[in-house]
Every structure is written in structure tokens, then in C-alpha cells.
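K.L.:
The following comprises the amino acid sequence and a computationally predicted model.
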Amino acid sequence: MIDIAFFFEIIPALLAGLPLTLQLAGSSIVIGFVLALMLALAQQGNHRILVWPIRTFVAVFRGTPLLVQMFLIYYGLGQFRPSLQAMGLWWLFREPYWCAIFALSLNTAAYGSEILRGAIQGVPRGLVETATAFGMSRLLTLRLVVLPLAFRQAIPGYSNEIILMVKGTSLASIITLMEVTGIAQGLISQTYRAVEVFVAAGAIYLTLNFTMISALNALEAWLTPYRVRA
């Protein structure tokens with residue numbers, strides 16, 4: 001049986017790690033989206049010099065676990081400390097916080113780039129040709145026609161990626177960051193009551209994800225009202 005009194009007693013302690021969870025998720029999602037958009041746009045041309053390195057990056061980060069990526073960035077790059085110090089980057093990779101954001105951002109950028117690439121390619125070519133016929137430049141067509149439609153089409157897929165990234169922040173506890181999962185592990189080591197602690201942590205993640213899903217559904221309904229009516 002779950003001890004209800006203990007369950008509610010540990011909720012405030014776990015919530016203390018929620019700001020860090022939100023910081024990791026928010027920063028990685030924003031940075032990852034910018035990188036994903038750049039990678040998706042770079043793959044629209046036929047420049048193999050650009051396309052193949054990007055596809056290699058995407059294949060590596062989609063084909064390996066996020067846990068391994070975080071370990072390699074935090075622990076692996078420490079072997080190259082002299083080189084990183086010479087380049088002035090050691091301040092970034094010596095901090096677990098920045099290593100976690102770096103790993104999470106690259107991971108979501110790899111997945112997000114494929115979502116956005118497919119959405120951009122899914123824009124009807126006739127609309128692009130019509131915009132060109134009206135005298136719009138390629139940049140203007142991209143900004144006013146292609147990207148708005150692509151973003152609307154990408155919302156369902158990208159919403160799933162955002163939810164996965166929020167849950168992925170739990171792996172930051174393995175590199176000593178005390179977010180919700182890190183605090184939960186500390187409580188278990190002190191109380192030996194894993195069921196109540198993990199159920200409470202799961203409830204926090206569930207509430208957070210439910211809130212984000214509701215917000216993303218509202219955004220999708222606002223951007224695509226024709227689908228809601230249908």
C-alpha cells in the first residue's frame with residue numbers, strides 16, 4: 001500500500017527541482033528548434049557538401065540513446081580538456097548544466113529537423129509557383145508562404161518531440177543535476193521508499209506534460225481552425 005501521508009509530504013521536495021526541469025526543457029527546445037530549422041532548410045537544396053554531413057549528424061543522434069550522448073558530452077569531452085581550454089570552451093563543458101542543455105539541444109535538433117524537413121517538402125509546389133508568378137522572391141516566398149504552412153503541418157509531430165524532450169530532462173540526473181528525478185533518487189536513498197517517490201515524480205511529469213499538451217493543442221487549433229471545424 002502507498003503511504004498517502006508520505007506521498008503528499010515529499011511533493012514539495014520534488015517540486016523544488018521543477019524550475020531546473022523547466023529550464024533544461026525550455027532552453028533545449030528553443031535552441032533545438034532554431035538548429036532544426038536551419039538543418040531542415042539546408043537540406044532543401046541539392047548541395048551534397050551540406051546535405052550529407054547533416055544527414056550523418058541526424059542519423060547518429062537519432063540512432064543512439066540520449067543517455068549515451070549525455071555521457072559522451074559530459075564525461076567524454078573531459079578527456080580533451082587542454083584542447084577545449086585552448087579554444088576557450090572549457091567553461092561550457094565543465095558545467096553539467098550546460099552539458100545537459102548541449103546534449104538535449106542536439107538530440108531534439110536531429111529529430112526536429114526531420115519533422116520540419118518533411119513539413120517543408122509537404123507544402124504544395126503549386127503555391128510556391130504561384131508566389132513566384134506574383135513576383136515574390138525566394139526569401140519572401142519562404143517567409144510568407146512556405147514556412148507558415150510548414151509550421152502548421154509540423155505541429156502534431158513537433159508536439160510529440162517537445163513532450164519527449166520534457167521527459168528526456170530526467171536523464172540530466174545522471175550528471176549530478178538535481179532536477180525532479182535527481183531529487184527523487186536522493187529521497188529514495190534516504191527513505192528506501194521507491195514506490196511513493198517515483199509515483200509522486202511521475203505525477204509531476206504527467207501534470208507538466210498534460211499542461212503542455214493542452215497548450216500545444218490550443219496552438220494547433222488556433223493555427224488550423226479548418227481542421228477543428230472538420
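P.N.:
Now that the structure is in, tell me what you want to look at.

K.L.:
any idea of the mean pLDDT for stretch 34-50?
P.N.:
For stretch 34-50, mean pLDDT is 88.

K.L.:
Counting by contacts, list what the helix or strand residue 85 falls within packs against.
P.N.:
Assigning secondary structure by DSSP states H and E places residue 85 in helix 81-86. Using 3 or more C-beta pairs under 8 Å, 6 or more residues apart in numbering; DSSP states H and E, the elements in contact with helix 81-86 are helix 90-93. Quick note: C-beta positions are derived from backbone N, CA and C, even for glycine.

K.L.:
Restricting the selection to alpha carbons, write the helix holding residue 85 to CSV.
P.N.:
Written as CSV, here are the backbone C-alpha positions of helix 81-86 (Å, rounded to 0.1, in the frame of the first residue of the first chain):
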residue,chain,number,x,y,z
ARG,A,81,40.3,19.5,-21.6
PRO,A,82,43.6,21.0,-22.8
SER,A,83,42.2,21.5,-26.3
LEU,A,84,38.9,22.9,-25.0
GLN,A,85,40.8,25.3,-22.7
ALA,A,86,42.9,26.4,-25.7
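
K.L.:
How far away from the center of its chain is it?
P.N.:
In terms of C-alpha atoms, centre = their mean, to the nearest Å, the centre of helix 81-86 is set 28 Å apart from its chain centre.

K.L.:
Report the helix or strand with the lowest average pLDDT across this structure.
P.N.:
Here the helix or strand of the chain ranked lowest by mean pLDDT, DSSP states H and E is helix 225-229, holding a mean of 58.

K.L.:
To what extent is the closest residue to residue 173 other than its chain neighbours buried, counted in neighbours?
P.N.:
Distances taken as C-beta to C-beta, 6 or more residues apart in numbering put residue 182 closest to residue 173, at 3.5 Å, once the chain neighbours are dropped. Residues within reach of residue 182, counting by other C-beta atoms under 10 Å, total 19.

K.L.:
Now do the host helix or strand of residue 182: which elements does it pack against?
P.N.:
Using DSSP H and E, residue 182 sits within helix 180-191. Applying 3+ C-beta pairs under 8 Å, 6+ apart, one finds that helix 180-191 makes contact with helix 4-15, helix 194-223.

K.L.:
Please spell out which residues along the longest one are buried.
P.N.:
Looking back up the chat, that one is helix 194-223. 196-197, 200-201, 204-205, 208, 212, 216, 220 (16 or more other C-beta atoms under 10 Å).

K.L.:
Run through the neighbouring helices and strands of that helix.
P.N.:
With contacts taken as 3+ C-beta pairs under 8 Å, 6+ apart, helix 194-223 sits against helix 4-15, helix 18-42, helix 147-168, helix 180-191, helix 225-229.

K.L.:
Surely residue 113 touches residue 59?
P.N.:
No: the pair residue 113 / residue 59 is not scored as a contact, 11.3 Å apart, by C-beta atoms under 8 Å.

K.L.:
follow-up on the earlier one: tell me which of the buried residues of helix 194-223 is nearest to residue 36?
P.N.:
Comparing the buried residues of helix 194-223 against residue 36 with C-beta to C-beta places residue 216 closest, at 16.2 Å.

K.L.:
contacting residues around the nearest residue to that closest one once chain neighbours are set aside?
P.N.:
In this structure, residue 216 finds its nearest non-sequential neighbour in residue 159, 4.2 Å apart by C-beta to C-beta, 6+ apart. Taking C-beta atoms under 8 Å, 6 or more residues apart in numbering, we find residue 159 in contact with 213, 216-217, 220.
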